[in-house]
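# Return atomic coordinates for the entry below.
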Amino acid sequence: MDSSLRKFRDRLRIIIILYTFCEHPDNSTDSIYGTFRSEIKIQALDFLLRYPDFLCLELLDLLDSDHTLDPDEIRNIIIDIYHKKEPELRVEEMEKFFHGAYESIDEVIAFHVSVGFLKHESKKRSDGKTYDKYYHVTKACAERIDQFLKDIPSVTWFFDRCKLIKKYFDRFSGTELKARQYRYSEYSVISYKSHIRNVNDKVRDKFKQRFNYQLS
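The predicted structure is shown next:
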């Protein structure tokens, strides 16, 4: 992928994640639309956005543990994802680092801060490392997203997918999402800086066992 296109897509994905998943505290200022806490959760949500096959496997696993979910709804979601060949066409690979799939978002955040879309704050430990990161989505950003981005057909998929991920996975913290992803060997046992492998075979096997239907 061309580097300029890759940079644009990274900026697009992250700002849509922050816009969709940010919370709206009662004490927010007139200039702030919402606040998102934790880079770990950004990375974990971005992973689900970039790997449709892992998203499908996670949905199947949720059916095993949460009996309030509608199996037919999840069945149809997964069939649609594979019918549209998203695990082939939509995947954007991430590398394995020390604590799972990771890609630096410092440049992305700096860009959005520079154009007034985000305000960013964090704390520093005695060793100089940052922690307790907060990302404040500005109302100016939200207004532009509502007025312009949502009307672009090629971008609609990102909003729809983030809404889907939020419906089923917003209940989990970033640490919990990372722990869930570590359950799969295609994620956990690969070497440092190798790309996360797909789990299409596991999805197809688990789906066939549960629904007696072979995914394409």
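# what's the neighbour count on Arg6?
11 (other C-beta atoms under 10 Å). Yep, even glycine has a C-beta here, placed from its N, CA and C like the rest.
# How much space separates it from Glu92?
9 Å (C-beta to C-beta, to the nearest Å).
# likewise Tyr184?
18 Å.
# repeat for Thr68
Relative to Glu92, and taking C-beta to C-beta, Thr68 is found at 32 Å.
# which of the two has more neighbours?
For Thr68 versus Glu92, the count of surrounding residues by other C-beta under 10 Å is larger for Glu92: 15 against 4.
# Just confirm that one contacts Pro52, I think it does.
No. Using C-beta atoms under 8 Å, Glu92 is not in contact with Pro52; the gap is 10.1 Å.
# can you pull the contacts of His24?
If you count contacts by C-beta atoms under 8 Å, 6 or more residues apart in numbering, His24 has them with 33-35.
# Now intersect the residues you listed with the strands, please.
Among the contacts of His24, DSSP state E puts 33-35 in strands.
# Is Val113 in a helix, a strand, or coil?
Secondary structure, DSSP: H, G, I helix; E, B strand; the rest coil: Val113 is helix.
# Numbering from 888 from now on, please.
New numbering, starting at 888: the last item is Val1000.
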